[in-house]
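>>> task: produce atomic coordinates for the following.
(chains A, B, C, D, E and F)
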Number of protein chains: 6
Amino acid sequence: MQSNHRYRTNEHDQANRGLIEMAQCPRMPHRPFQQFRDDRALGNARISDSKHLGISRFMRLDSAAYEDGALHGRTKELLGLVASAVLRCNDCIDYHVEQCVNAGYSKAEIEDALNVALVVGGSIFIPHLRHALLSLDELLEERSRSTRTE
Amino acid sequence: MQSNHRYRTNEHDQANRGLIEMAQCPRMPHRPFQQFRDDRALGNARISDSKHLGISRFMRLDSAAYEDGALHGRTKELLGLVASAVLRCNDCIDYHVEQCVNAGYSKAEIEDALNVALVVGGSIFIPHLRHALLSLDELLEERSRSTRTE
Amino acid sequence: MQSNHRYRTNEHDQANRGLIEMAQCPRMPHRPFQQFRDDRALGNARISDSKHLGISRFMRLDSAAYEDGALHGRTKELLGLVASAVLRCNDCIDYHVEQCVNAGYSKAEIEDALNVALVVGGSIFIPHLRHALLSLDELLEERSRSTRTE
Amino acid sequence: MQSNHRYRTNEHDQANRGLIEMAQCPRMPHRPFQQFRDDRALGNARISDSKHLGISRFMRLDSAAYEDGALHGRTKELLGLVASAVLRCNDCIDYHVEQCVNAGYSKAEIEDALNVALVVGGSIFIPHLRHALLSLDELLEERSRSTRTE
Amino acid sequence: MQSNHRYRTNEHDQANRGLIEMAQCPRMPHRPFQQFRDDRALGNARISDSKHLGISRFMRLDSAAYEDGALHGRTKELLGLVASAVLRCNDCIDYHVEQCVNAGYSKAEIEDALNVALVVGGSIFIPHLRHALLSLDELLEERSRSTRTE
Amino acid sequence: MQSNHRYRTNEHDQANRGLIEMAQCPRMPHRPFQQFRDDRALGNARISDSKHLGISRFMRLDSAAYEDGALHGRTKELLGLVASAVLRCNDCIDYHVEQCVNAGYSKAEIEDALNVALVVGGSIFIPHLRHALLSLDELLEERSRSTRTE
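Next up is the predicted model:
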């Protein structure tokens, strides 16, 4: 009664992917990265508008945590990515994936970090892994384009 | 100043539902189940593309966890649903609701499992309960249609 | 290689916000509050349809938790907001922000409560803080309009 | 085969409690509050020893979040308690229960706040509710003794 | 510099176990199950003492969730175990392991349920898996002794 | 009524620390690291005893995640520490602090990683930060002793 086929079905997923690409699917299932940037900018502008001293101090503290210290800022971006990943926050994941791409990490390195998050966080992280990998591809493509035109 | 009416207001909700149905509301508030399937297929295809051995092994391990073992696979689908529910992941809930419907569980049985998640997980689970029940209805309707046409 | 500019960049965010407002951006990045109300009404109607006694009892218990008791219901709305905030559930945050606005709390008071959530919950809460503040503005604007016309 | 008696069994629990009190049980199952104070003092001393600027700034920010602002510090102690409760951290619960007792809240008021946490957080919070209530009793007894001797 | 040997090292763990058993280690690292029962009875007695209507109603609702309904109570005990496991609460795990043992589940069945929790919840669950398996052994031993003497 | 002194009170903590050191306090509030090692060895031996194929495969996968790959194993130990920290699991923190010390990270580097966890995870992480720092001191002392005697 139950066909217990899960993530293994490469054939099935490949087929599905083909269908999606062929169908010229009118909506894009994955949030385009620029939408995240716009939403984040809008929301951060609202946070900046707040007169609450505690909130603005927290924002500075958050910012400072990723600057060079005993560890390189670059290493800490990877820590921020894995922390965001296991806490399962797509917006935080997107932010840190971009920071990691900007910091020069390769696709394989970022996937290796996400694998740590997958093992620590379990299968509940899989939907976020999907999201992270699609964002990663978009950002690497963007970086590659900007490098070619420089 | 504050009218503390909450979920009780059946009259109010009934009215609201009427309004929504009558208004032929141009957007569908609940994500259609097919959109989840497409998004998941796209993301899983991206995961399959990854060359990371750890990731592909995790996927197989996840798949194997729901196969028949000391417990029936069918029972473990229910465990997967409740685990996803208390961890509050809509994509995981949708996946396991579908697996449970495919495994032949009735509406009343799935609601009984979701009630365990509600009591264990608390009111913070309520938005996910709404989501799960709307997905459940859509899938039961789909199953009922497919049974009639067979 | 890495420009570690984060939330500080007021100039940048201000500019971005300007761009967004000027561009008459065809999609609204932040979910309009009315959409949440409609989705919630639809989902709650579905919950009411359930014949599961445990679920309907839980709904009443949830409702009763915010009524006047040893603490004022008004105070407990604030507790509900902070609980929803640190558990990072946007739907629950939206519900409780509206309850707090209806209970007469000021913008500064609600931001002060959200600051507690930010310190307790950490930077992983920031995307939800953005959401909460944009909802708050929309609801305060609505309250202000309804007060003027009364 | 299974006697599904759970928390209801007042007779049983009363009996058990009697047994425990009668047995002059040589170990105290609940951590004495003073042990928490000592552990916390030791750990905070270690935090103070750290030369990390980010850590010491975070500590100040945390402290400031509960000072009088748009909301009374007293109200924010209650917010801190509920936030700690739904995030299920016994040390944080103990700290905030003590702050709430020092702020003059009554037993009934603190139980009413914990009830919000119970409904929001669900039955997974019950072991922490047990802990919180036993700490509360110990602290109220301590406050009552110190008031009598003043 | 780093010997990255982790859980694999069967030889090492076997050796360690031998050492522990040989050393007649004066303290028992794993909390004896009876201690959990005593602590829980004490805490539940305190909860029963509370006059808060919401709290006592929640307790009854929690109790009712595991009674026979659309699903057998026996099945729901397994759901309760997995929910407790992925939410990583040792007291809740102990309670539900005992309920599952009382309901007649075998060692292999309970381990199969815990494997679902491990895959869903990830390696962060491993310390709780250790705890659950040690409790399980103790309870199975107890059940086996009580069956022999009947 | 309320003395809202929190973590700031250096004088108070210094005094307390003095008291604790002077009192030659007969119990050690912080779990000695060797106890964690023994408990973990005992529990891992029990996991190894399990015949469940899924569990033993998960253990190998977990182990493999920290071996050299696209990223150095050494870097991934730091990722494991921060993931454990924000998920607030003391046993996992202890394990990864030891791995990081074995990998040669300095006190300042490990504190810098823990600061990322503190900012991401919020004040709810503070009790775990206390735990992590006390474990760190014990392990650095142990490393320093073993280096001197080599």
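>>> leaving out the residues flanking it, which one is nearest to whichever residue of chain A sits closest to chain E?
Chain E sits closest to A:Gly122 of chain A, with a gap of 2.9 Å, by CB to the nearest CB. C-beta here means a position set from N, CA and C on the backbone, and glycine is covered the same way. Counting by CB to CB, 6 or more residues apart in numbering or on different chains, E:Gly122 is the residue found nearest to A:Gly122 once chain neighbours are left out, at 2.9 Å.
>>> quick check: that neighbour touching A:Ile126?
No. Judged on CB atoms under 8 Å, E:Gly122 makes no contact with A:Ile126 at a distance of 10.7 Å.
>>> between those two, what contacts are shared?
A:Leu118 (CB atoms under 8 Å, 6 or more residues apart in numbering or on different chains).
>>> does A:His131 touch A:Phe33 like I think?
No. Counting by CB under 8 Å, A:His131 does not reach A:Phe33; the two are 10.8 Å apart.
>>> which residues do the two both contact?
A:Asp94.
>>> more neighbours, these two?
A:His131 (22 against 19; other CB atoms under 10 Å in any protein chain shown).
>>> name the helices or strands packed onto the helix or strand hosting that one?
Following DSSP states H and E, one finds A:His131 within helix A:126-149. Packing partners of helix A:126-149 (3 or more CB pairs under 8 Å, 6 or more residues apart in numbering or on different chains; DSSP states H and E): helix A:33-49, helix A:73-86, helix A:90-102, helix A:107-121, helix B:33-49, helix B:90-102.
>>> quick one: low-confidence parts of chain A?
A:1-29, A:150 (pLDDT under 70).
>>> quick check: residues of it near chain F?
A:61-62, A:65-66, A:69-71, A:75-76, A:78-80, A:82-87, A:106, A:108-109, A:111-113, A:115-117, A:119-121 (CB under 8 Å from any CB of the partner chain).
>>> list buried residues within these.
For the residues of chain A next to chain F, a burial check counting by 16 or more other CB atoms under 10 Å in any protein chain shown picks out A:61-62, A:65-66, A:69-71, A:75-76, A:78-80, A:82-87, A:109, A:111-113, A:115-117, A:119-121.
>>> can you list the residues that contact stretch A:54-62?
Taking CB under 8 Å, 6+ apart as the rule, stretch A:54-62 contacts A:47-48, A:50, C:6-8, C:111, C:114-115, C:118-119, C:123, C:126, C:129, D:54, D:57-58, D:61, D:64-65, D:69, F:119.
>>> where does the residue nearest to A:Asp112 when sequence neighbours are not counted sit: helix, strand or coil?
The shortest distance from A:Asp112 to any non-neighbouring residue, by CB to CB, 6+ apart, is to F:Ala70 (4.0 Å). Here F:Ala70 is recorded as coil under DSSP: H, G, I helix; E, B strand; the rest coil.
>>> so F:Ala70 sits against A:Leu114, correct?
No. F:Ala70 lies out of contact with A:Leu114 (CB under 8 Å); the separation is 10.6 Å.
>>> so what's the most centrally placed residue in chain A up against?
Central residue of chain A (CA atoms, centre = their mean): A:Asp94, 3.0 Å from the mean position. Residues near A:Asp94 by CB under 8 Å, 6+ apart: A:33, A:36, A:131-132, A:135.
>>> can you list those residues in JSON lines and add distance to D:Leu139?
Below are the contacts of A:Asp94 laid out as JSON lines (distance: CB to CB, whole Å):
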{"residue": "A:Phe33", "distance to D:Leu139": "51"}
{"residue": "A:Phe36", "distance to D:Leu139": "46"}
{"residue": "A:His131", "distance to D:Leu139": "45"}
{"residue": "A:Ala132", "distance to D:Leu139": "45"}
{"residue": "A:Ser135", "distance to D:Leu139": "48"}
